[in-house]
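S.K.: any chance you can model this:
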Amino acid sequence: MRLSDAFPSRYAKAAELPLKGLLCTISSVDMETFDDSEKLVVAFSDHPKLLALNKTNAKTIEAITGSEETNDWVGAQIVMFPTTTDYAGKRVACIRVRAPRTTPPAATLAAPKPAGPPPSDLDDEIPF
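M.R.: Okay, the predicted model is just below:
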């Protein structure tokens, strides 16, 4: 039995996330106390675990939403993904967030060229 199975955490861990990231919708942002310090904690409507924010992730969400006000973050979508960072002289796993990637609307994709004969006003002769 894995120790993490015996003592499940309420908080997301980097090892639990897919490498490509996990798209999540923010449902609330609250303050929680951790070892005598307070941190912002994000809950999601479509993911059961919470994300305790560090300053890097909080500033990234601020940039994604365009608002410093955490109440404005509700309903915003972010992607949580695993990576690594240097901490206390060691390389450790961590979670970072980014904006979801968007695909261009179908109308902006190149339309196929119509089939048929070429226009008759084209001159095929090469002048050299």
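
S.K.: ok, residues contacting the lengthiest helix in the chain?
M.R.: The helix that spans the most residues within the chain, counting by DSSP state H, is helix 55-65. Outside helix 55-65, the residues that touch it by Cβ atoms under 8 Å, 6 or more residues apart in numbering are 26, 40, 42, 51, 53, 68, 72-73, 76, 78, 95-99. All C-beta spots, glycine's among them, are computed from the backbone N, C-alpha and C.

S.K.: report the rounded mean pLDDT for it.
M.R.: Helix 55-65 shows a mean pLDDT of 97 in the predicted model.

S.K.: after it, next one along is what?
M.R.: With elements assigned by DSSP states H and E, the helix or strand that comes after helix 55-65 is strand 77-87.

S.K.: using PDB, write down the CA coordinates of stretch 24-34.
M.R.: What follows is stretch 24-34, C-alpha atoms only, in PDB (Å, rounded to 0.1, in the frame of the first residue of the first chain):
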ATOM      1  CA  CYS A  24      -9.900  23.200 -14.300                       C
ATOM      2  CA  THR A  25     -12.600  25.800 -13.600                       C
ATOM      3  CA  ILE A  26     -12.200  27.900 -10.500                       C
ATOM      4  CA  SER A  27     -15.200  27.700  -8.100                       C
ATOM      5  CA  SER A  28     -13.800  29.600  -5.100                       C
ATOM      6  CA  VAL A  29     -10.700  31.200  -3.600                       C
ATOM      7  CA  ASP A  30     -10.300  31.300   0.200                       C
ATOM      8  CA  MET A  31      -7.500  31.800   2.700                       C
ATOM      9  CA  GLU A  32      -6.300  28.900   4.800                       C
ATOM     10  CA  THR A  33      -3.700  28.700   7.500                       C
ATOM     11  CA  PHE A  34      -0.600  26.500   6.900                       C
END
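
S.K.: so what's the residue nearest to the spatial centre of the chain bridging to?
M.R.: Nearest to the mean C-alpha position of the chain, counting by Cα atoms, centre = their mean, stands Val79 at 1.9 Å. The residues listed as beta-bridge partners of Val79 by DSSP bridges are Leu23, Arg98.

S.K.: burial of Phe89, as a residue count?
M.R.: Wrong residue type there; residue 89 is Gly, not Phe. Gly89 has 5 neighbouring residues, counting by other Cβ atoms under 10 Å.
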